[in-house]
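Chemist: quick one: sequence plus predicted model below, questions after.
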Amino acid sequence: DAIDIQIDKSEPIDGKLAQAHTRFVQRIGRAAHHAIGNLHIRKALEIELRRRNLALKSFTATTLIFLILAAICGIFGFEWLPWIFCFIAMVFIAGGIAISFMTRNEITRDFQNSLLNTCGAFAETLRADYEDGLRIFFQDYTTCLNSIRKHLANEKLAVEPKLTRWHDLFLTLKSIEQDI
């Protein structure tokens, strides 16, 4: 059987809780965005990537220079000199490829380590906003429960005279049992 509880429907609890949840998520989202910006991870990563790009550009430029020299020597009819320049260009291409793989792995590893090292600072930055957000969320939650509190208080007041009467009857029954 269902319990017939008449609760004040003027306060839609689900809607208010959804609004409180949305505000909490937005607050933490903004705080996380600012916290990530304050960690300054991007600057260190940019420095590493610029250094890598400069090295790869220099390998590419050197390779192109040796290929141009090989083409010029081929145009002027030197037989073995273009092959030597092409071989040197291939060595620079191989070196560039090797450097690109090594620096990629190194940058990835360094970035992962820097992210792991900043986890504590990130969590500490979010702590105050998280605590405030939770406090506000639960304040909204408790306000949503006011109608239920009012109903329970009214029911308690309505039951109290019956409880007193039941207690009196119980004591009377116990005294009758002792008399018998």
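Modeler: That came through, no problem. Numbers count the residues shown, from 1 in each chain.
Chemist: ok, now how distant is the residue positioned nearest the centre of the chain from residue 75?
Modeler: Residue closest to the mean C-alpha point of the chain, counted by Cα atoms, centre = their mean, is residue 32 at 7.0 Å. Distance check for residue 32 against residue 75: by Cβ to Cβ, to the nearest Å, it reads 61 Å. For every residue, glycine as well, the C-beta is placed using N, CA and C.
Chemist: isn't residue 35 right up against residue 127?
Modeler: No. Using Cβ atoms under 8 Å, residue 35 makes no contact with residue 127, being 9.9 Å away.
Chemist: for the helix of greatest length in the chain, buried residues please.
Modeler: Counting residues, the longest helix found in the chain (DSSP state H) is helix 81-117. The neighbour-count check on helix 81-117 (16 or more other Cβ atoms under 10 Å) flags 82, 85-86, 88-89, 92-93, 96, 103, 107 as buried.
Chemist: picking up where we left off before, helix or strand for the residue nearest to the residue nearest to the centre of the chain when sequence neighbours are not counted, just tell me which one.
Modeler: Spatial nearest neighbour of residue 32, excluding adjacent residues (Cβ to Cβ, 6 or more residues apart in numbering): residue 126 at 6.3 Å. Taking DSSP states H and E as the criterion, residue 126 maps to helix 119-144.
Chemist: domain map for this structure?
Modeler: Per automatic domain parsing, the structural domains of the chain span 13-151, 152-180.
Chemist: give me the low-pLDDT residue ranges for the chain?
Modeler: Low-confidence segments of the chain (pLDDT under 70): 1-12.
Chemist: against residue 167, how distant is the residue lying farthest from the centre of it?
Modeler: Distance from the C-alpha centroid of the chain peaks at residue 180, with 73.9 Å (Cα atoms, centre = their mean). Separation of residue 180 from residue 167 (Cβ to Cβ): 21 Å.
Chemist: cool, and residue 38?
Modeler: In terms of Cβ to Cβ, residue 38 sits 64 Å off from residue 167.
Chemist: about what we covered before: what about the residue nearest to the centre of the chain, distance to residue 107?
Modeler: Taken as Cβ to Cβ, the span from residue 32 to residue 107 is 24 Å.
Chemist: cool, residue 59 as well?
Modeler: Distance from residue 59 to residue 107, by Cβ to Cβ: 17 Å.
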